[in-house]
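Peer 1: Whatever this is, show me its structure:
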Amino acid sequence: MSRVKKKGTKIKTSLGSKIFDVFNVCFMLVFAFVMVYPFWNQLVISFNEGSDTVKGGLAFLPRAFTVENYSYIFTRTNIWKGAIISVLRAVVGTTLTIMCTGLLGYITTIQHFVGKRFVRLVFIITMYFGGGLIPTFLLYSNLGLLDTFTVYWLPALFSAYFMMLMASFIQGLPDSLAESARLDGANELTIYFRVILPLCTPVMAATAIMTAVGHWNSWFDVMIYNSGGNWDTLQVYLRKILMESEQASKLLSEQKQFEAMRNLTTSSVRAATTMVVTIPIVCIYPFFQKYFVGGITIGAVKG
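Peer 2: Got it, this is the predicted structure:
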């Protein structure tokens, strides 16, 4: 048992507490290593010559350092166009989703709105039942959304999950804030944008990072709804580059192709592609981390 000395002296910890602390630190270090090492390994492979990578045995540092994998990716003509479209999709889609879904969440918390339960029920149903891929494609086609930038953000304006998350957070705010604004003559839109929205920074930041990651990593909907290729995102171009590298690896018998690909392999190009897609999100995430956990968990337990 731990023993406490008089006031002004340090607290002695028991041997069991010290053992637990050491075990806890060791466990967390091992856990952190297990989580980080796959990413680090891909980074090492991306900076290593492909012909050397196939030998295996890469651990923590490149044996044959090179930037040819990244040069092969960034010298493609359409890669920057895809990057701009991906950034626009993430920014526009995230901003509109936050604003519209947040407003929807606020509407479902208004006490005098008689249809709030019905609205919430309708959106919850969409979480369990969907129309399917073909009906969705036909709907987008009839609405003229195919091969347009609008198809990226318009269907994602409202999210049932984020709506419930924001509504739970808003319900935790004092009702007197909105009531006092109504007494001053403010309408519901004014209350939302000037009173509620500034107080929802934690849940908005958490929702924003999840929405942005979804838009940034999305590629399947681009393949389906953008068959013309006019609005291909970065992920689609990187997928094409990866497929080309796989095909080139099968054609090494041709001298010209061999000269172009002698230091590149599918695994090295794939590692470089992974870094190009992941690093932007990794750089942005730390700025939202302090809001992420709080935004997800706050309002989950009601007193």
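Peer 1: and the residue positioned nearest the centre of the chain, what element?
Peer 2: Centroid-nearest residue in the chain, with Cα atoms, centre = their mean: Val213, separated by 1.9 Å. Of the helices and strands defined by DSSP states H and E, Val213 is found in helix 201-217.
Peer 1: What is that helix packed up against?
Peer 2: Using 3 or more Cβ pairs under 8 Å, 6 or more residues apart in numbering; DSSP states H and E, the elements in contact with helix 201-217 are helix 79-107, helix 160-171, helix 266-297. In short, each C-beta sits where N, CA and C put it, glycine included.
Peer 1: Would you confirm that the residue nearest to the centre of the chain contacts Pro280?
Peer 2: No - taking contacts as Cβ atoms under 8 Å, Val213 lies outside contact range of Pro280: 10.2 Å.
Peer 1: circling back to that earlier point, with respect to Asn48, which of the helices and strands packed on helix 201-217 lies nearest?
Peer 2: Proximity to Asn48 (Cβ to Cβ) singles out helix 266-297 among the helices and strands packed on helix 201-217, at 6.5 Å.
Peer 1: Report the rounded mean pLDDT for the closest one.
Peer 2: Average pLDDT, helix 266-297: 69.
Peer 1: Check stretch 89-109 too.
Peer 2: 92.
Peer 1: Val92 reaches Trp153, doesn't it?
Peer 2: Yes - counting by Cβ under 8 Å, Trp153 is a contact partner of Val92 at 5.3 Å.
Peer 1: who's more crowded, the two?
Peer 2: With neighbours defined as other Cβ atoms under 10 Å, Val92 and Trp153 compare such that Trp153 has more, 19 against 15.
Peer 1: What about the closest residue to that one other than its chain neighbours, how many residues nearby?
Peer 2: Excluding the flanking residues, the one nearest Trp153 by Cβ to Cβ, 6 or more residues apart in numbering is Gly93, at 4.1 Å. The tally of other residues near Gly93 (other Cβ under 10 Å) stands at 23.
Peer 1: which residues touch Gly93?
Peer 2: 152-153, 156, 211-212, 215 (Cβ atoms under 8 Å, 6 or more residues apart in numbering).
Peer 1: let's go with 7 Å and repeat that
Peer 2: Taking Cβ atoms under 7 Å, 6 or more residues apart in numbering, we find Gly93 in contact with 152-153, 156, 211, 215.
Peer 1: what sits against Phe65?
Peer 2: Per Cβ under 7 Å, 6+ apart, neighbours of Phe65: 47-48.
Peer 1: Start the count at 49 instead of 1 going forward.
Peer 2: I'll keep to 49 as the first residue from here, and by that count the last item is Phe113.
Peer 1: measure it to Thr326 for me?
Peer 2: Phe113 sits 20 Å away from Thr326, going by Cβ to Cβ, to the nearest Å.
Peer 1: got it, and Pro203?
Peer 2: From Pro203 to Thr326 the distance is 25 Å (Cβ to Cβ).
Peer 1: Averaging pLDDT per element, find the lowest-scoring helix or strand in this structure.
Peer 2: When each helix and strand of the chain is scored by mean pLDDT, DSSP states H and E, helix 303-309 comes last, with a mean of 51.
Peer 1: State the pLDDT value of the nearest residue to Ala208 once chain neighbours are set aside.
Peer 2: Nearest in space to Ala208, with sequence neighbours left out and distances taken as Cβ to Cβ, 6+ apart, is Phe171 at 4.1 Å. In the predicted model, Phe171 carries a pLDDT score of 90.
Peer 1: before we move on, what about the one 3 residues further on?
Peer 2: What the model reports as pLDDT for Thr174 is 87.
Peer 1: and it, how many residues sit next to it?
Peer 2: So Thr174, with other Cβ under 10 Å, has 13 neighbours.
Peer 1: That one is in contact with Ser207, isn't it?
Peer 2: No - using Cβ atoms under 7 Å, Thr174 makes no contact with Ser207, being 9.4 Å away.
Peer 1: Now do the shared contacts for those two.
Peer 2: With Cβ under 7 Å, 6+ apart, Thr174 and Ser207 have no common neighbours.
Peer 1: give me the low-pLDDT residue ranges for the stretch 199-348 of the chain?
Peer 2: Low-confidence segments of the stretch 199-348 of the chain (pLDDT under 70): 294-313, 333-348.
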